[in-house]
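**Q** Predicted coordinates and the sequence they were generated for:
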Amino acid sequence: VLDDQLAYWRQRLTGVPTLELPTDRPRPAQRSSAGAVFDFQIPAEVVDGLRALSRDAGVSMFMTVFGAFNVLLGRYSGQEDIVVGTPIANRNRAEIEGLIGYFVNTLVLRTDLTGDPTFAELLSRLRTETLAAYAHQDVPFEQLVDELGVVRDRSRTPLFQVLFNYATGDGEDHTVEDASVPHPMPVKFDLAITLAEAGSGLVGSVQYSTVLFDDDRMVRLV
């Protein structure tokens, strides 16, 4: 099973590009954990449209908002091959659902923006990509990096530098306070976006490296 899964990732991640987002300062030779975070909110009427689009396209909300995020990254970078990491619960067997412990793994998703696809076409591509990744989720990310022989670069995290996380909510509405007001926070990646369902809307946060990005750029991105 492990050999089969590793073979999939070797094929899928061969020649992955480095995502080159525009930065406000040159990237240092060694990455820093200095960062900031701020919260934001997507209103219910926008989320209603996203959910309707997801139903019509036969995809999950994760796929829809992840697709939109990848389009944004493509516009910022000018690239058509976008690589982003995403955490997954990794509890894909009934026998382990009741166990206490940390099972989360990280998947590397590669989004194909070539050919100027419509958003419906992009969602179809993402559905195929995401379901295939889910089917091969058992390889620990650290082992995957070792098996792929990734050349370590002290200025970047291996394979991907941007993380996207989507969490289902508790059904209750939440109000974000101090939106767009950054607060210092150690960060693991250049950029990390988290979205969570909160009743009829979505709440989110953006974590980013202050060594690379100014606060104003991140506010504009959101």
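**A** Okay, I see it.
**Q** Three-state assignment for the residue nearest the centre of the chain, please.
**A** Taking Cα atoms, centre = their mean as the criterion, F164 is the residue nearest the geometric centre of the chain, at 2.0 Å. With DSSP: H, G, I helix; E, B strand; the rest coil as the basis, F164 sits in strand.
**Q** Now do the closest residue to E147 other than its chain neighbours, the pLDDT please.
**A** By the measure of Cβ to Cβ, 6 or more residues apart in numbering, the closest residue to E147 outside its immediate chain neighbours is L6, 5.5 Å from it. Using the backbone N, CA and C atoms, a C-beta is placed for each residue, glycine as well. Turning to L6, the model gives it a pLDDT of 95.
**Q** beta partners for the residue nearest to the centre of the chain?
**A** F164 has these beta-bridge partners by DSSP bridges: I193.
**Q** who are the neighbours in contact with it?
**A** Contacts here follow Cβ atoms under 8 Å, 6 or more residues apart in numbering; on that basis F164 touches F66, F69, V84, G85, T86, A192, I193.
**Q** try it again with 6 Å
**A** Neighbouring residues of F164 by Cβ atoms under 6 Å, 6 or more residues apart in numbering: F66, F69, V84, T86, I193.
**Q** now it: how far from D4?
**A** From F164 over to D4 the distance is 26 Å, taken as Cβ to Cβ, to the nearest Å.
**Q** before we move on, the earlier item: what is the neighbour count of the residue nearest to E147?
**A** 17 (other Cβ atoms under 10 Å).
**Q** Likewise for G199?
**A** 14.
**Q** just the one 10 residues further on next, same as before
**A** Burial of S209 is recorded as 24 neighbouring residues (other Cβ under 10 Å).
**Q** Include neighbour count when you put the contacts of F164 into JSON lines, please.
**A** As requested, these are arranged in JSON lines below (neighbours: other Cβ atoms under 10 Å):
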{"residue": "F66", "neighbour count": "25"}
{"residue": "F69", "neighbour count": "19"}
{"residue": "V84", "neighbour count": "24"}
{"residue": "T86", "neighbour count": "19"}
{"residue": "I193", "neighbour count": "24"}
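**Q** Now, the residues you listed that are in helices?
**A** With helices defined by DSSP state H, the entries of the contacts of F164 inside them are F66, F69.
**Q** Let me see the contact set for L122.
**A** When contacts are taken as Cβ under 6 Å, 6+ apart, L122 is in contact with G67.
**Q** Secondary structure of it: a helix, I assume?
**A** Yes: in this structure, L122 lies within a helix as judged by three-state DSSP.
**Q** what's the spacing between it and G74?
**A** Remark: distance between L122 and G74 (Cβ to Cβ) = 10 Å.
**Q** Do a quick rundown of the helices in the protein.
**A** Here the chain has its helices, by DSSP H, at 2-12, 44-57, 61-77, 119-135, 141-147, 215-221.
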